[in-house]
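>>> Fold the following.
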Amino acid sequence: MDQNVGQRPLLTYDGNVGELYGIFLKNLLLTIVTLGIYRFWATTAMRRYVWSRMRFQDERFEYTGTGGELFKGFLLALGVLIGSIIVAEILGYVLHALTGSLILSLLPLFALYVLIIVFAGGAFFSAQRYRLSRTLWCGIRGGMTGSMLQYGWHVLLYGLGIVFTLGQLAPWTTVRLAERRINASSFGSEPFRFQGRAGTLYKTFFVTFVGMVVWFAVTGWLFLRPVISNPDAFRHGAPGSPHLTISLIIFYVLFIVGALLLRCYYLAQVSQHILGNTTLGSQLRFGTSITGKRLLGIVAGNLAIVVFTLGLGFPIALHRLLQFVSNTLLVEGHVDPQSLGQNDQQPPRTGEGMLNLLDHGAGF
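Now for the predicted structure:
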């Protein structure tokens, strides 16, 4: 039975490319003039526009975050990182002076790397909390409970599990981390709830995994074999040789792009599973009409637009993506705004500092 029976599109998006280009070009100019500092206000300006162009039950969303909050969060994260590096260096020096052991003197540096990984993983959690707390619908905002550090530790431990199982724990990790984020979230007085099982994802994951291995072998054979099989490639073309360097770049780019496109079918099923098992209280049940073919089309198209326009086509790609999201995100049920109490969780004072600092997904 189709789990999307009785569901309808959740969002209505009515933005246009011209307005997106106006914001994009202004943001680009001011970011260049300010040597990158304006990017926090640029992100805020783009979010405010996008949020305001999304409607649910004929009521628009509103984004209330500010560039100043993002900037302060970035400075705070930078201070924490620099402080941690200084402490690790001092502790390493002290341990070496006291024990004379190089191994013991490296322990603070090892602990620093672990801490950075934990913060990097937790950054997604804290970013979701910030964005929810700055999202209003009918005057009601979202929120999250829980600790970003605790989430970050789970990311680290699950990541080690993926490494030790040669990637085979990835579907289970995806579901468990989604469960932690969703079940910690709420909108107004209503909690989000997710219950899912990773077993349904493994068939597609395995097929995708094998496809990526085959693609790796094919691209490696085409672009690296002529270099590796020729001893002169290493004698005359050690790192820095134009021929070797160009071959490596082509291999890397083709493999990454091919792997991204192959993963579309797996990511589509992940979206179907996670959204299809998510509810908001007893009022809404979510779903999606995303398929691997549709996701492949939007990803490949947007990738081509951004690459062949040298990034200047970003507003077009964003517009296509927002239309795609609004057309595929489904919902069953109805929310009466009068029945929603205001979210009582304390909103964060700053936003997405670690995510901005590590620059993995904070651009929008």
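>>> lowest average confidence, helix or strand, in this protein?
Of all helical and strand segments in the chain, the minimum by mean pLDDT, DSSP states H and E falls on helix 231-235, at a mean of 53.
>>> what's the following helix or strand after that helix?
Once helix 231-235 ends, the next helix or strand along the chain (criterion: DSSP states H and E) is helix 242-276.
>>> could you say what helices and strands that following helix packs with?
For helix 242-276, the packing partners by 3 or more C-beta pairs under 8 Å, 6 or more residues apart in numbering; DSSP states H and E come out as helix 170-183, helix 202-223, helix 225-228, strand 284-288, helix 292-308. The C-beta positions use only the backbone N, C-alpha and C, and glycine is treated the same way.
>>> Isn't Gly341 up against Pro191?
No. The pair Gly341 and Pro191 does not pass the contact test of C-beta atoms under 8 Å, sitting 11.7 Å apart.
>>> Of those two, which one has the most company?
With neighbours defined as other C-beta atoms under 10 Å, Gly341 and Pro191 compare such that Pro191 has more, 16 against 9.
>>> Am I right that that one is in a helix?
No. Note on Pro191: no helix contains this position according to DSSP: H, G, I helix; E, B strand; the rest coil, which reports strand.
>>> Which phi and psi values does the nearest residue to it once chain neighbours are set aside adopt?
Closest residue to Pro191 in three dimensions, ignoring its sequence neighbours and counting by C-beta to C-beta, 6 or more residues apart in numbering: Gly281, at 6.4 Å. Backbone torsions of Gly281, given as degrees, to the nearest 10, read phi 50, psi -140.
>>> my guess is Gly281 contacts Gly188, does it?
No. Contact status for Gly281 versus Gly188: not in contact, 9.0 Å apart, counting by C-beta under 8 Å.
>>> now this structure, which segments are flagged as low pLDDT?
Segments of the chain classed as low confidence (criterion: pLDDT under 70) are 1-5, 226-243, 359-364.
>>> how much space between the closest residue to Arg180 other than its chain neighbours and Ala123?
Closest residue in space to Arg180, ignoring its immediate chain neighbours: Tyr151 at 6.0 Å, by C-beta to C-beta, 6+ apart. Separation of Tyr151 from Ala123 (C-beta to C-beta, to the nearest Å): 9 Å.
>>> more crowded one of Gly281 and Gly188?
In terms of neighbours (other C-beta under 10 Å), Gly188 is the more surrounded of Gly281 and Gly188; the figures are 22 against 17.
>>> Give the burial count for the spatially closest residue to the more buried one that is not a sequence neighbour, as a bare number.
Among residues not flanking Gly188 along the chain, Leu340 sits closest, at 3.6 Å (C-beta to C-beta, 6+ apart). As a burial measure, the neighbour count of Leu340 was computed by other C-beta under 10 Å and equals 19.
>>> wouldn't Leu340 be in contact with Glu190 here?
Yes. When contacts are counted by C-beta under 8 Å, Leu340 is listed as touching Glu190 (6.3 Å).
>>> quick one on the thing from earlier: can you list the residues that contact the one helix or strand the residue nearest to Arg180 maps to?
Assignment of secondary structure by DSSP H and E places Tyr151 within helix 148-164. With C-beta atoms under 8 Å, 6 or more residues apart in numbering as the test, helix 148-164 has contacts from 114, 117-126, 129, 168-170, 173, 176-177, 180-181.
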